[in-house]
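Asks: requesting a structural model of the entry that follows:
(chains A and B)
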Amino acid sequence: MDFRARFAPSPTGQVHIGNIRTAIFNWLEARHNKGTFLLRIEDTDLERSTQDAINKLMECMQWLGMDYDEEPMYQTAQGEKHKASAQKLLENKEAYLLDPSAEKSPVVFKFPYKCDDFKFIRQCGAAELALAPDSKVSFNQTGITFFTVTSKGKVVDNTQTLAGFKDLEIVDADGNTLYKLDDAGYDALSDDPAQKVEIEHAAKLKFQRREVFYQDLVKGELAKPIDSMKDFIIVRTDGSPVFHLANVYDDIEQRVTHIVRGDDHVENTYKHLFLFKSLGYPEPSYAHLPMIVNQQGKPYSKRDGDAFVGDFRAKGFLAQALFNYLALLGWSPGDDREKLNREELIEAFSLERALRSPAQMDMKKLTNLNGQYIAELPHEEYMKYVMDFLPAEFAGSPKLDAVAKLMHSRVKTFADVAGWSYFFVGTDALEYDPKGVQKFLSGDTFRKPLEELSAKIAASDGSASAVEEAIHAVEEANGIKQGHLNQPLRVAVTGTTVGAGMSETVEVLGKEETCARIARALSL
RNA sequence: GUCCCCAUCGUCUAGAGGCCUAGGACACCAGGUUUUCAUCCUGGUAACCGGGGUUCGAAUCCCCGUGGGGACGCCA
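Replies: Next comes the predicted model:
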């Protein structure tokens, strides 16, 4: 079967982790099924959609290697078609005007009262609804309004679609039938919201309950009774199409067969199923992904300042690492593999294995995975990233290549590269970690050994092995425990307490520079 | 308020009634390798939300409770 999936973001802000995870699952599912992956920009919210957001979105897609197969569709370009389809629904009496007397009125989609033969509708048997005592019920084709009492005794009004109340019977407190509705009676009802049938002194609603149901690819069977649903607006007063109409219409036009989207859309699905039917197309398969929550356990929202995809790039994460990590949020291949490349992910992916519960983002695990990916980067490629993150003034340094090699195994994110500057700055510009100085250079304990060491290094060829030998010799001559001269030397030479192998560090730095730094450190 | 969904170590997860003394990964702790740090290796701490059922047997199936989340727009 032809498999077509789509990612349909609204460009109203930066793409965050939750959005892009949805895109990844769509992409993976499409590629796994050798199907088609489409992009649609849902920019109908003119107030908030921006070109900048669209650009950023495209950048993210490209960065993460998610290619799409056809020209992206821009929803605003579809406006006329959306309006035409709404007009057709109006003509077919499948929609009505909210305010027919006004010059301009929103168009409302009317859930069909006669829907028993729909694939996604099933009967739930007789149902009853207790009303507020002696209250009024008003209805016509545009809906039914009635009053109920909450558990706290408060009277509230409810307006629902009439389609939810098949074979409606209104009875009074004594059980007498006040009104009975059948199919013919329904046809006689007005679809002008101002002309409603009103029944007084009602006590109870009796009806046949029906529900919408469908098989969600990740959540299993989902259902909702129609009597809890309301007709909904599909065209605004200003004539612009609303999300529901635009979304469904475009899915039809793009011939989408599988809709994979966020959890927050499950309720919309019950509406969209009817829209597909009314527009004359078979319903697609649906899969609803649970949310991704932040460190506080709250779902990422558009207002969330953190977790923008572009920020991860700027923080030195590799696209393949983020892609891998995100694919594993709410999905697993079923075996113990965690580090999977693109091909392996495509091969192993299936929506059936997607989890139903929300997942929390763990930066530490992402960082670790990123480090693994960096570790196996070939040197040339690794250097490209290094250059992107290295302060510009050090870019031309002859030491750069040696420094980068030396530090490769310890880079977790390329942001770490900024911490290499002690290799490049001049002796006088070196900054010292006060704690390290306090611990290793205060007092005279290491003064003499460091002076001796400096002399030995100056006299040597400056190679790592020579430096190592020198350190050894000085330690022995001064009764210092083996290895204990390393940290004082490190602080003196690098200003920090952590770094790469000491003798290699000196070799890369050069013996003249090393000696100059020791001299300066001892004069502090 | 109404409706809906979810629930295994701190976190991501494995688990389709007996392979579970609940496995893996991150993080954490300890030890080893490394003259330091990192890498790497070894080991360890740590979970089935609670209560009832069903069953010879439940993390797994059912019910109730609790907790968390979502949806109820002329936003998408």
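Asks: what strand or helix carries A:Val218?
Replies: Assigned by DSSP states H and E, A:Val218 falls within no helix or strand.
Asks: does it touch A:Ser357 like I think?
Replies: No - using C-beta atoms under 8 Å, A:Val218 makes no contact with A:Ser357, being 10.5 Å away. For every residue, glycine as well, the C-beta is placed using N, CA and C.
Asks: who has more neighbours, those two?
Replies: A:Val218 (20 against 7; other C-beta atoms under 10 Å).
Asks: counting by contacts, list what the helix or strand of chain A with the lowest mean pLDDT packs against.
Replies: Within chain A, confidence by mean pLDDT, DSSP states H and E is lowest for helix A:434-436 among all helices and strands, at a mean of 82. With contacts taken as 3 or more C-beta pairs under 8 Å, 6 or more residues apart in numbering; DSSP states H and E, helix A:434-436 sits against helix A:486-494.
Asks: okay, the helix it packs on in CSV with CA atoms only?
Replies: Taking Å, rounded to 0.1, in the frame of the first residue of the first chain, the C-alpha atoms of helix A:486-494 are listed here in CSV:
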residue,chain,number,x,y,z
ASN,A,486,51.8,16.6,38.1
GLN,A,487,49.1,18.8,39.5
PRO,A,488,51.4,21.6,40.7
LEU,A,489,52.9,21.5,37.2
ARG,A,490,49.5,21.5,35.6
VAL,A,491,48.3,24.5,37.5
ALA,A,492,51.5,26.4,36.8
VAL,A,493,51.3,25.7,33.1
THR,A,494,47.6,25.6,32.3
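Asks: angle of the helix or strand just after that helix against helix A:486-494?
Replies: Using DSSP H and E, the helix or strand that follows helix A:486-494 in sequence is helix A:502-509. Interaxial angle, helix A:502-509 versus helix A:486-494 (axes from the mean of the first three to the mean of the last three C-alpha atoms, to 10 degrees): 20 degrees.
Asks: could you say what helices and strands helix A:502-509 packs with?
Replies: helix A:400-407, helix A:464-477, helix A:486-494.
Asks: and the next helix or strand past the helix or strand harbouring A:Asn247?
Replies: Element membership of A:Asn247 [criterion: DSSP H and E] is helix A:243-253. Next helix or strand after helix A:243-253 toward the C-terminus (DSSP H and E): strand A:258-262.
Asks: just checking, what packs against that following strand?
Replies: strand A:4-7, helix A:17-32, strand A:285-289.
Asks: buried residues, that strand. List them.
Replies: Going by neighbour count (16 or more other C-beta atoms under 10 Å), the buried part of strand A:258-262 is A:His258, A:Ile259, A:Val260, A:Arg261, A:Gly262.
Asks: closest one of the residues you listed to RNA strand B?
Replies: A:Gly262 (8.3 Å; C-beta to the nearest atom of the strand).
Asks: contacting residues around that closest one?
Replies: A:Gly18, A:Thr22, A:His288, A:Leu289, A:Met291 (C-beta atoms under 8 Å, 6 or more residues apart in numbering).
Asks: and the pLDDT at the first one?
Replies: So that's A:Gly18. Looking at A:Gly18, its pLDDT reads 90.
Asks: and the stretch 151-300 of chain A, which residues reach RNA strand B?
Replies: Contact residues (C-beta under 7 Å from any atom of the strand) of the stretch 151-300 of chain A with RNA strand B: A:151-152, A:156, A:219-220, A:222-225, A:228, A:230, A:232-233, A:236-238, A:240, A:242-244, A:247, A:263-268, A:290-291, A:297-299.
Asks: among these, name the ones in strands.
Replies: A:Val156, A:Gly220, A:Leu222, A:Ala223, A:Lys224, A:Pro225, A:Phe232, A:Ile233 (DSSP state E).
Asks: A:Ala194 versus the closest residue to RNA strand B within the stretch 51-200 of chain A, what's the distance?
Replies: The minimum distance from the stretch 51-200 of chain A to RNA strand B, using C-beta to the nearest atom of the strand, falls at A:Pro106 (4.3 Å). Distance of A:Pro106 to A:Ala194, given as C-beta to C-beta, to the nearest Å: 15 Å.
Asks: got it, and A:Phe146?
Replies: 18 Å.
Asks: neighbour-wise, which of these two wins?
Replies: Using other C-beta under 10 Å, the more surrounded residue of A:Phe146 and A:Ala194 is A:Phe146, with 22 against 10.
Asks: name whatever forms a beta bridge with that one.
Replies: On the basis of DSSP bridges, A:Phe146 is bridged to A:Asn158.
Asks: before we move on, what about A:Ala95?
Replies: Bridge pairing for A:Ala95 - DSSP bridges - gives A:Phe109.
Asks: okay, now it: neighbour count?
Replies: 25.
Asks: what's the first helix or strand after the least confident helix or strand of chain A?
Replies: helix A:447-459.
Asks: got TSV for the helices and strands packed on strand A:258-262, with mean neighbour count and distance to A:Gln78 too?
Replies: TSV is the format used below for the helices and strands packed on strand A:258-262 (neighbours: other C-beta atoms under 10 Å; distance: least, C-beta to C-beta, whole Å):
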stretch	mean neighbour count	distance to A:Gln78
strand A:4-7	25	14
helix A:17-32	24	20
strand A:285-289	22	21
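Asks: having no further points to raise, I will conclude here.
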